[in-house]
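S.K.: coords please:
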Amino acid sequence: QVQLVESGGGLVQAGGSLRLACLASGRIFSDAAMAWFRQAPGKEREFVAAISGSGAITSHAESVKGRFTISRDNAMNTIDLRMNSLKPEDTAVYYCAAGRSTYSSTWRQDSWYVYWGQGTQVTVSS
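M.R.: Numbers count the residues shown, from 1 in each chain. As a prediction, the model looks like this:
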């Protein structure tokens, strides 16, 4: 069993920065691809970024590319999402997720992920 706990959300002004962290417990952490998704009120959950089990492969949604960076520390069982140049449209609940294997060509789909955290709220004011 894998448990994921997010932290680091909050209220920030447009143009500001936040760093989200996800602490994972469970044996498969270093083998599993991990990702961040987000869901804004009234909208579907959307892919933000993913990272392979080794950390060698990353993928970012076009809407956050160049502003957000996903990383992981397998020794500490954590993944981070560094968010810069935040915009009001980044406001959402951000979720950490653990995948079915180290990598998948379908890892932008939330259905590929097995474990989910409870989410952390990010609010960007204009």
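
S.K.: tell me who's in contact with Arg45.
M.R.: Phe37, Arg38, Gln39, Tyr95, Asp110 (Cβ atoms under 8 Å, 6 or more residues apart in numbering). Where C-beta positions appear, they are placed from N, C-alpha and C, glycine not excepted.

S.K.: so how far is Gly117 from the last one?
M.R.: Noted for Asp110: a distance of 13 Å to Gly117, by Cβ to Cβ, to the nearest Å.

S.K.: so how far does stretch 4-24 reach from one end to the other?
M.R.: 5 Å (Cα to Cα, to the nearest Å).

S.K.: buried stuff in it?
M.R.: Within stretch 4-24, the residues that count as buried by 16 or more other Cβ atoms under 10 Å are Leu4, Glu6, Gly8, Gly9, Val12, Leu18, Leu20, Ala21, Cys22, Leu23, Ala24.

S.K.: and the helix or strand harbouring the first one, how far out from the chain middle?
M.R.: Counting by DSSP states H and E, the element that carries Leu4 is strand 3-7. Put simply, strand 3-7 sits 10 Å off its chain's centre (Cα atoms, centre = their mean, to the nearest Å).

S.K.: same check, this time on stretch 91-98
M.R.: Here stretch 91-98 is found 6 Å from its chain centre; the criterion is Cα atoms, centre = their mean.

S.K.: kindly report the same for stretch 10-29.
M.R.: For stretch 10-29, the distance to the chain centre is 7 Å (Cα atoms, centre = their mean).

S.K.: equivalent analysis for stretch 58-78, please.
M.R.: 7 Å.
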